[in-house]
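Q: coordinates only, sequence not included:
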């Protein structure tokens, strides 16, 4: 039996604050081979989740603290949807269908969600990152994240390579 207390979320938020990535994970499943992958993620406002998609699996996330903004895109990086999920939004969770480009960002430091995906986990096929979005650690990430925070449906992802310096 595993019981996940609010203390776990507090500890995750502290780890996220200390992490260069601005986020931390708490895994519930026993191994990558489990047929259902389950974990909590705490993130700060500066954490960057590069836009991505999963070809063979959907992704379910239940926000348990704070709130996140979720963006969906077409194949060319045009925003197709913008949703707030979590505290005071009226939305508790989201499910991104397979092959749907998406990203999210925390609206407040220490926001957290429970993510559930079909396993087993295979790093070779788990995720495809968008070529029109900078990779983690790229100098363009802060400006791209700033763009994400204001991007509305119909907006196209800018050429991030021009932001490198």
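A: Sure, I can see it. Just so we're clear, the structure is a prediction, and the values are computed from it rather than from any experiment.

Q: doesn't residue 116 fall inside a helix?
A: No: counting by DSSP: H, G, I helix; E, B strand; the rest coil, residue 116 is not part of a helix but strand.

Q: how much space between the residue nearest to it when sequence neighbours are not counted and residue 37?
A: Nearest residue to residue 116, sequence neighbours excluded (CB to CB, 6 or more residues apart in numbering): residue 60, at 4.5 Å. Just so you know, the C-beta spots here come from the backbone N, C-alpha and C atoms, and that holds for glycine as well. Remark: distance between residue 60 and residue 37 (CB to CB, to the nearest Å) = 10 Å.

Q: can you show me the strands along the chain?
A: Secondary structure of the chain (DSSP state E): strands at 23-27, 36-43, 52-53, 59-65, 67-73, 79-86, 93-96, 101-106, 111-118, 128-129.

Q: quick check: mean pLDDT across the last one?
A: Over the span of strand 128-129, the pLDDT mean works out to 96.

Q: partners of it in the sheet?
A: strand 52-53 (antiparallel) (DSSP bridges).

Q: how far does the partner strand sit from its chain's centre?
A: Computed by CA atoms, centre = their mean, to the nearest Å, the chain-centroid distance of strand 52-53 equals 10 Å.

Q: same check on stretch 46-61?
A: 6 Å.

Q: shaky segments in this structure?
A: 165 (pLDDT under 70).

Q: state which helix of it is the longest.
A: For the chain, the longest helix by residue count, based on DSSP state H, is helix 6-18.

Q: list the contacts of that one.
A: Applying CB atoms under 8 Å, 6 or more residues apart in numbering, the contact partners of helix 6-18 are 22-26, 40-44, 47, 64-65, 109-110, 112.
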